[in-house]
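# Here you go, sequence then predicted model.
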Amino acid sequence: MEHIDIDHDGRTLRGVLHLPTAPNAPAVALCHGFGGNRAEFGYTFVRLAERLAARGVAACRFDFAGCGDSDGDFADLTVSDQVAQALAVLDALAAHPAVDPDRLSLMGMSLGGLTAQLAAAKRPVRSLALWAPAAGAVAMGEEGAKRRADAIAEHGYDDFGGLPVHQGFVDDAAGIDPFADAAAYPGPVLLAVGSEDFVLGTRLLGEYQGLYGDRLDLHVFDGVGHGFETVPARERLVELTASYLERTA
């Protein structure tokens, strides 16, 4: 395991690269969710990265700008900026002497999942793994969009779980189609979601099925929500993803 710093747009993105013993390894960039960090909920990214490295796949856990140990202001967060950061991480992995630059993959949780699916359409990545991707962050319904607009008008931000969403995020999201903008990615997709997920509902899940078709490996976890909130669910999630990326990365 080694620390890795990535320069992007005047900021340093800080992360950790878990490396297998064999050289010229495939590599996966792990994109955390909104307001999270490179460990992710329940340290699932740590466990996933360790498991991948033990199976011959390098894994880079990094903090998006304004999160964790990376430079930047969280108030400046936009999806387009996160996509650009994910691409910078892929470029850094491609340049690493222990990594095969032709075998790069992406995975992400929630907003990191949306980020990963959009970034995958901009680079020739081998595989894509999504945990509860937050397409709804840029495809809000009319009621949710009005509530957010009213909150920003009154307070200057929308309070989302104790973290601010500013007008810049909304303006950027208006120019993103989470499905049309992801359609150029041609490879396999793992999608894991809880049956009680309030973020990825039936409508959006149907959009993912339409987007990826028979390339989609869908797993619905009964009885859990957006954060896969039980010990068995999280263990299943980590093992499922490690096995998938071992096969496809």
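On my side now, so go ahead. Numbering: from 1, shown residues only.
# residue boundaries of the helices in the protein?
44-54, 79-95, 111-120, 142-155, 167-173, 202-212, 231-248 (DSSP state H).
# which outside residues touch stretch 195-202?
For stretch 195-202, contacts defined as Cβ atoms under 8 Å, 6 or more residues apart in numbering pick out 110, 132-136, 193, 220-226. Where you see a C-beta, it was placed from the backbone N, CA and C, and this is true even at glycine.
# Against residue 145, how distant is the residue sitting furthest away from the middle of the chain?
Of all residues in the chain, residue 154 has its C-alpha farthest from the mean position, at 30.6 Å, by Cα atoms, centre = their mean. With distances taken as Cβ to Cβ, to the nearest Å, residue 154 is found 15 Å from residue 145.
# got it, and residue 6?
33 Å.
# Name the residue in those two with the higher neighbour count.
Ranked by neighbour count (other Cβ atoms under 10 Å), residue 6 and residue 145 place residue 6 first, with 18 against 14.
# What is the burial count for the nearest residue to that one once chain neighbours are set aside?
The shortest distance from residue 6 to any non-neighbouring residue, by Cβ to Cβ, 6 or more residues apart in numbering, is to residue 13 (4.3 Å). Look at residue 13: counted by other Cβ under 10 Å, it has 26 neighbours.
# unless I'm mixing things up, residue 26 is touching residue 59, no?
No. Residue 26 is beyond contact range of residue 59, at 9.8 Å (criterion: Cβ atoms under 8 Å).
# So between these two, which is more surrounded?
Using other Cβ under 10 Å as the criterion, residue 26 and residue 59 rank with residue 59 on top: 30 against 23.
# If the more buried one is in a bridge, with which residues?
Beta-bridge partners recorded for residue 59 (DSSP bridges): residue 18, residue 28.
# ok, now how distant is residue 213 from residue 244?
17 Å.
# before we move on, what about residue 137?
24 Å.
# now swap in residue 2 and tell me
Per Cβ to Cβ, residue 2 is found 25 Å from residue 244.
# So for these two, which sits in the more crowded spot?
Shown here are residue 2 and residue 244; by other Cβ under 10 Å, residue 244 has more neighbours (21 against 10).
# didn't the more buried one look like it was pressed against residue 128?
No. If you go by Cβ under 8 Å, residue 244 and residue 128 don't touch, sitting 9.9 Å apart.
# just to revisit the earlier point, quick one: which two of the contacts of stretch 195-202 are the most distant?
135 and 223 (22.5 Å; Cβ to Cβ).
# Comparing these two, which residue is more hemmed in?
Taking neighbours as other Cβ under 10 Å, residue 135 and residue 223 compare with residue 135 leading, 26 against 11.
# List phi and psi for the spatially closest residue to that one that is not a sequence neighbour.
Leaving aside its chain neighbours, residue 135 sits nearest to residue 178 (3.9 Å; criterion: Cβ to Cβ, 6+ apart). Main-chain dihedrals, residue 178, degrees, to the nearest 10: phi -60, psi -20.
# burial measure for residue 178, as a count.
Counted with other Cβ under 10 Å, residue 178 comes out at 22.
# wouldn't residue 183 be in contact with residue 121 here?
Yes. Judged on Cβ under 8 Å, residue 183 makes contact with residue 121 at a distance of 6.8 Å.
# the more surrounded of those two?
Between residue 183 and residue 121, counted using other Cβ under 10 Å, residue 121 has the larger neighbour count: 16 against 12.
# the longest strand in the protein is where?
Secondary structure of the chain per DSSP state E: the longest strand is strand 99-109.
# now this protein, which segments are flagged as low pLDDT?
Applying pLDDT under 70 to the chain flags no residue at all.
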